[in-house]
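**Student:** just a sequence and a predicted model for now, questions to come.
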Protein chains: 2
Amino acid sequence: MKRLIIDMDDVLADTSARIIELFNERNRQNVTKDFFYENDFYKYTKQGKFIPYREELYKPGFFANLEVFPNAIKVVEKLNKKYDIYIVSAATEFPNSLIEKVDWMAKYFPFISWRKIVLCGSKSIIKGDIMIDDHSRNFSEFEGRKLLFHAPHNYNEKGFERVKSWLEIEELLG
Amino acid sequence: MKRLIIDMDDVLADTSARIIELFNERNRQNVTKDFFYENDFYKYTKQGKFIPYREELYKPGFFANLEVFPNAIKVVEKLNKKYDIYIVSAATEFPNSLIEKVDWMAKYFPFISWRKIVLCGSKSIIKGDIMIDDHSRNFSEFEGRKLLFHAPHNYNEKGFERVKSWLEIEELLG
C-alpha cells in the first residue's frame, strides 16, 4: 500500500481564507482570495500602510475554526481505503495550534486515527510515496511524487505537478 | 551531517519514574524503578488488585513536570554540533501533552528549535541515520542505526544495540 502524505493548512483546511478575512477586518479592506491568485499576498499585505495580522496565528482558536475544503472529507475517506495516509502539518511554530489540529482532524476526519497525524516543524524527515502540499519548500527532501496544492501564495511557482481541488486529486489518485 | 532522531519519553524525560510514582501513590505501594528492571512492569501493575493509573497520562500537567535524565542536556547540546538532531515523540494519543512537550523542550533544550520537534502517532514515516528510542516497535520501519535506550519495559528485549545512559551515548556518538 502506497503511503500518501497530506498537509493540513491550505490543503485540507482553508487557512488562507481566514487569514485574508483577518487582514480585511483589521484594515477595513475587502480583498478576496481570488485577488491573491493574481497578486502576491505577502507583497500586498506587507505594505507599511496595513496593520499586521500574523500574531493572530499564535493565539488559541485560530486553527480550531478553519473551514474544511470542499470535497476534502469524501475524497480523503475514499483514498484512505487505497493508501496508507498520514496527515503531516508544520505546526510546532504555533504551540496553541497543536491540540486544535488534533481536535479538528477528529471533528472532520474521524476515520483518520491519531496514529496517522504528525505535527512537526520541518518536513525534511518525512518519508512516503506521494506528498500533497501547498509549500514547495516541503518537497525539497521528499523522494516521492509531489503534488502542489494551488494556493494564493504559490500561484506563480513553476515546475511542479499542480492540483487545484480535491475532485482533481480524486481523479489523479482515486 | 548525519541525522539523529531522539525520542522524548524515557529517553530525554524520565517518564517511567513518574508513572511508578503515580502507581505507588494510588496503591500505597513503594516499589522502585530498579525493581522493574527485573520484573515486568505491565504484568505487575495490571494485577487486578491494583488501581489503574493510565488515565493520568491524558490529563494536563502530566508531561509538563517530568524530570530530565542526567547528562541529557549537556550531551544533546554537544551532539547538536555534530548531528542534524530531530526530537521525535509519539504524542498525538495525548492531545494535552502536545503543547507541554514543546514547552518542556524549550525549557530544558532551548538550543533545539521548534523546527526540529516532531509530535506523531507512529514513527514509521520518519527517515534518518540514527534513532535513539526505548520502544523497539519504533525501529520496525527505520532504515538507519538503532539504539535502544534501556528502560524498565524493555529490559528483557534481545537483539538490539542497547544504551543505558546519556554518558554512554556520548561515548558512542560524540
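**Tutor:** Arrived safely, thanks for sending.
**Student:** could you tell me which residues of chain A lie near chain B?
**Tutor:** Within reach of chain B by Cβ under 8 Å from any Cβ of the partner chain, chain A has these residues: A:3, A:5, A:86, A:88, A:92-93, A:95-96, A:98-99, A:102-103, A:113-122, A:125-128. The way it works is simple: take the backbone N, C-alpha and C, and place the C-beta from them, glycine included.
**Student:** in helices, which of the residues you listed fall?
**Tutor:** A:98, A:99, A:102, A:103 (DSSP state H).
**Student:** who touches residue A:88 in this structure?
**Tutor:** A:5, A:6, A:7, A:118, A:120, A:123, A:126, A:131, B:125 (Cβ atoms under 8 Å, 6 or more residues apart in numbering or on different chains).
**Student:** and of the ones in helices among the residues of chain A next to chain B, the nearest to residue A:155?
**Tutor:** residue A:98 (29.2 Å; Cβ to Cβ).
**Student:** that closest one: what's it in contact with?
**Tutor:** Contacts of residue A:98 by Cβ under 8 Å, 6+ apart are A:91, A:92, A:119, B:95, B:98, B:99, B:102, B:119.
**Student:** can you tell me which two in those residues are farthest apart?
**Tutor:** Maximum distance among these (Cβ to Cβ): 14.5 Å, for A:92 and B:95.
**Student:** who has more neighbours out of the two?
**Tutor:** The residue with more neighbours, out of residue A:92 and residue B:95, is residue A:92; 25 against 19, by other Cβ atoms under 10 Å in any protein chain shown.
**Student:** surely that one touches residue A:121?
**Tutor:** Yes: using Cβ atoms under 8 Å, residue A:92 is in contact with residue A:121, at 4.5 Å.
**Student:** give me the common contacts of those two.
**Tutor:** Common neighbours of residue A:92 and residue A:121 (Cβ under 8 Å, 6+ apart) are B:114, B:115, B:117, B:118.
**Student:** the second one - nearest residue in space that isn't next to it in sequence?
**Tutor:** So that's residue B:115. residue A:121 (3.5 Å; Cβ to Cβ, 6 or more residues apart in numbering or on different chains).
**Student:** so how many other residues sit close to the one you found?
**Tutor:** Residue A:121, neighbours per other Cβ under 10 Å, totals 21.
**Student:** what's the answer for the one 4 residues further on, then?
**Tutor:** Close neighbours of residue A:125, defined as other Cβ under 10 Å, add up to 20.
**Student:** same check on the one 3 residues further on?
**Tutor:** Using other Cβ under 10 Å, residue A:128 has 23 neighbouring residues.
**Student:** equivalent analysis for residue A:141, please.
**Tutor:** 14.
**Student:** kindly state the pLDDT recorded for it?
**Tutor:** pLDDT, residue A:141: 96.
**Student:** wait, doesn't it sit right on residue A:124?
**Tutor:** Yes: contact criterion Cβ under 8 Å: residue A:141 and residue A:124 qualify, at 4.2 Å.
**Student:** contact partners for the residue nearest to residue B:115?
**Tutor:** A:90, A:92, A:93, B:113, B:114, B:115, B:116, B:117, B:118.
**Student:** longest strand of chain A?
**Tutor:** strand A:84-90 (DSSP state E).
**Student:** how about it: buried residues?
**Tutor:** A:85, A:86, A:87, A:88, A:89, A:90 (16 or more other Cβ atoms under 10 Å in any protein chain shown).
**Student:** and what of stretch A:64-76?
**Tutor:** For stretch A:64-76, using 16+ other Cβ under 10 Å, the buried residues are A:66, A:68, A:69, A:72, A:73, A:75, A:76.
**Student:** put the alpha carbons of stretch A:117-137 into PDB.
**Tutor:** Taking C-alpha atoms only, stretch A:117-137 is exported to PDB below (Å, rounded to 0.1, in the frame of the first residue of the first chain):
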ATOM      1  CA  ILE A 117      -1.200  12.500  12.500                       C
ATOM      2  CA  VAL A 118       2.200  14.200  12.500                       C
ATOM      3  CA  LEU A 119       2.800  17.700  13.800                       C
ATOM      4  CA  CYS A 120       6.300  19.000  13.000                       C
ATOM      5  CA  GLY A 121       8.400  22.000  12.200                       C
ATOM      6  CA  SER A 122      10.200  20.800   9.100                       C
ATOM      7  CA  LYS A 123       9.000  18.100   6.800                       C
ATOM      8  CA  SER A 124      12.500  17.100   5.700                       C
ATOM      9  CA  ILE A 125      12.500  13.900   7.800                       C
ATOM     10  CA  ILE A 126       9.200  12.500   6.300                       C
ATOM     11  CA  LYS A 127       9.300   9.600   4.000                       C
ATOM     12  CA  GLY A 128       6.500   8.400   1.800                       C
ATOM     13  CA  ASP A 129       5.400   7.800  -1.800                       C
ATOM     14  CA  ILE A 130       3.200  10.800  -2.600                       C
ATOM     15  CA  MET A 131       3.000  14.200  -0.800                       C
ATOM     16  CA  ILE A 132       0.300  16.800  -1.300                       C
ATOM     17  CA  ASP A 133       1.400  20.200   0.000                       C
ATOM     18  CA  ASP A 134       0.900  23.900  -0.800                       C
ATOM     19  CA  HIS A 135       4.500  24.900   0.000                       C
ATOM     20  CA  SER A 136       7.100  23.600  -2.400                       C
ATOM     21  CA  ARG A 137       9.800  24.000   0.200                       C
END
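**Student:** good, wrapping up.
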